[in-house]
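Participant: Return atomic coordinates for the entry below.
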Amino acid sequence: MVMQRGGIGRGRGMGRGRGAPGRNLPFIPHVPFDIVLAEPAFPPVRSIPAPVEEAFMAALVKRNQDLTPSEKESSAIINLVYKVQGVLDTLIITPGAFDSCQIEEVRQVGSFKKGTMTTGNNVADLVVVLKTLPTKEAVEALGNKIWESLKVKEPKEVLTMLPNERGFDLSNTEATARILVTTIPPNLKKIEPTLHIDAKLLQSAHAAVRHSRWFEESAQQPTIKNLVRLLHDLRKRFAGFAPLTPWMLDLIAHYAILNNPGRQALPLTQSYRRVLQLLSAGFFLPGSAGISDPCEGGQVRIHTVMTLEEQDLVCLTAQTLLRVLSHGGYKQILGIEGNSSIASEMSVWDGVVVNPLERAYEKPADSQVEEDMEAEEGDMETE
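Facilitator: Sure thing, here's the model as predicted:
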């Protein structure tokens with residue numbers, strides 16, 4: 001069922017969920033077919049053989065262990081974050097002669113805070129909320145102040161500070177603390193593009209704080225963290241999943257594990273497979289209810305930040321990989337064997353040929369048509 005090309009919006013033109021142009025029909029989002037929610041109405045004809053499921057679980061556990069940062073990596077990033085956090089806390093309490101900016105608070109965010117970091121990506125994110133306006137000069141001065149303070153404590157340590165459009169990075173030879181700078185909400189109206197950090201970047205830093213708080217409150221189930229780590233790896237290895245943001249991965253992992261009739265956490269094998277089934281069925285396509293962002297008052301469906309082309313690409317990639325998984329190719333999907341070519345080249349599994357699917361969506365020749373469709377989707381989000 002999920003392998004067919006006729007999922008939500010998978011036909012020619014990627015149906016938008018409204019009637020014909022010019023008809024003011026109400027937008028009613030659809031819920032794509034989900035075998036987990038529909039299981040009472042569709043009793044399984046045959047279950048997956050126990051040895052196959054056990055082998056799949058063992059592979060998932062092994063892959064998660066390989067992706068989990070080593071003790072050395074973990075110690076390195078924890079030590080750096082502890083040092084940086086200490087300097088920032090001191091600047092909040094006793095800024096002394098430093099007057100380039102005033103700090104309201106500091107929050108740890110991202111995969112480091114959530115406990116979903118992957119090996120080889122030893123980067124921790126911290127959001128620094130300023131009481132003052134975030135001018136580019138003030139942000140760079142803050143970075144230099146932290147660098148100088150750390151060098152005074154450990155002069156022999158190799159430490160670099162690199163400013164960027166979001167704030168700055170502080171790095172030693174083993175880890176990086178990525179500082180995302182924003183300001184208190186009342187200041188956001190006063191932002192001037194030529195003087196301050198871009199307003200969208202300031203808002204995204206606030207969103208990162210909300211996301212981390214939600215994850216801490218709602219997604220501490222260990223299986224969710226393991227699945228998120230595995231999905232990050234899947235996204236990294238298959239280009240078709242590149243449009244998926246870390247926040248989308250957090251939410252779909254939480255949904256796949258906990259949103260079921262029994263309200264009990266599903267095992268890792270079933271939830272991993274369910275993610276591919278959901279994406280294949282059009283969970284992140286136009287017209288789908290998808291997942292409402294819990295940090296935005298439920299008014300925004302998370303997949304609408306992707307373009308129509310990106311939504312199509314995610315869906316067709318999931319459909320191809322699900323077919324591979326259905327014929328026993330879990331080692332190739334997990335990256336234990338083979339490579340990412342199974343998503344873009346023909347492969348054969350016990351005599352069954354799996355051909356990568358082609359795009360169903362064709363971008364209109366008139367770019368204005370595309371813009372109008374995107375604007376219509378945005379209007380529907382607020383209805």
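
Participant: going forward, measure contacts and count neighbours with C-alpha atoms only.
Facilitator: Will do.

Participant: Need the residues that contact stretch 315-330.
Facilitator: Contacts with stretch 315-330, where a contact means CA atoms under 8 Å, 6 or more residues apart in numbering, come from 2-3, 56, 240-241, 273, 276-277, 279-282, 284-285, 333, 342-343, 349-350, 352, 354-359.

Participant: what pLDDT, on average, does that stretch get?
Facilitator: When pLDDT is averaged over stretch 315-330, the result is 93.

Participant: Now that stretch: buried residues?
Facilitator: Burial within stretch 315-330, assessed by neighbour count using 16 or more other CA atoms under 10 Å, is assigned to 315-325, 327, 329-330.

Participant: just to revisit the earlier point, where helices are concerned, which of the contacts of stretch 315-330 count?
Facilitator: Here DSSP state H is the test, and these give 56, 273, 276-277, 279-280, 333 as lying in helices.

Participant: Distance to Lys131 for these - can I get that in JSON lines?
Facilitator: Formatted as JSON lines, the entries for these read as follows, by distance: CA to CA, whole Å:
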{"residue": "Phe56", "distance to Lys131": "51"}
{"residue": "Arg273", "distance to Lys131": "46"}
{"residue": "Leu276", "distance to Lys131": "44"}
{"residue": "Gln277", "distance to Lys131": "46"}
{"residue": "Leu279", "distance to Lys131": "42"}
{"residue": "Ser280", "distance to Lys131": "45"}
{"residue": "Ile333", "distance to Lys131": "47"}
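
Participant: wait, which of the residues you listed is closest to Ala205?
Facilitator: Here the nearest of the ones in helices among the contacts of stretch 315-330 to Ala205, counting by CA to CA, is Leu279; it sits at 27.6 Å.

Participant: Let's see the pLDDT reported for that closest one.
Facilitator: At Leu279, the model reports a pLDDT of 97.

Participant: State the helix or strand in which the closest residue to it other than its chain neighbours lies.
Facilitator: Distances taken as CA to CA, 6 or more residues apart in numbering place Cys315 nearest to Leu279, at 5.5 Å, with adjacent residues excluded. With the criterion set as DSSP states H and E, the secondary-structure element containing Cys315 is helix 308-326.

Participant: ok, now Asn79?
Facilitator: Assigned by DSSP H and E, Asn79 falls within helix 71-93.

Participant: Just to be sure, Val128 is in a strand?
Facilitator: Yes. Secondary structure of Val128, determined by DSSP: H, G, I helix; E, B strand; the rest coil: located in a strand.

Participant: Quick check: it vs Leu285, distance?
Facilitator: Here Val128 is placed at a distance of 35 Å from Leu285 (CA to CA, to the nearest Å).

Participant: The two: who's more crowded?
Facilitator: When neighbours are counted by other CA atoms under 10 Å, Leu285 comes out ahead of the other of Val128 and Leu285, with 30 against 24.

Participant: thought that one was touching Glu310?
Facilitator: No. Counting by CA atoms under 8 Å, no contact exists between Leu285 and Glu310, whose distance comes to 9.3 Å.

Participant: quick revisit: quick check: buried residues in the helix holding Asn79?
Facilitator: In terms of neighbour count (16+ other CA under 10 Å), helix 71-93 has its buried residues at 73-74, 76-78, 80-81, 83-85, 87-89, 91-92.

Participant: which one of those residues is nearest Thr119?
Facilitator: Distance ranking of the buried residues of helix 71-93 against Thr119, using CA to CA, places Glu73 first at 7.6 Å.

Participant: Can you tell me how far the residue nearest to that closest one when sequence neighbours are not counted is from Cys315?
Facilitator: The shortest distance from Glu73 to any non-neighbouring residue, by CA to CA, 6+ apart, is to Asn122 (6.7 Å). Taking CA to CA as the measure, Asn122 and Cys315 are separated by 30 Å.

Participant: same deal with Glu358?
Facilitator: Note on Glu358: its distance to Cys315, by CA to CA, is 10 Å.

Participant: How about Val106?
Facilitator: To Cys315, Val106 is 38 Å away according to CA to CA.

Participant: can you list contacts of the helix or strand in which Arg63 is found?
Facilitator: Remark: Arg63 resides in helix 50-67, with elements defined by DSSP H and E. Helix 50-67 is contacted by residues 118-119, 226, 229-230, 233, 268-269, 330-331, 334, 336 when judged by CA under 8 Å, 6+ apart.

Participant: ok, now which ones touch the closest residue to Leu285 other than its chain neighbours?
Facilitator: Leaving aside its sequence neighbours, Leu285 sits nearest to Gln311 (CA to CA, 6+ apart; 5.6 Å). Contacts here follow CA under 8 Å, 6+ apart; on that basis Gln311 touches 243, 284-286, 303.
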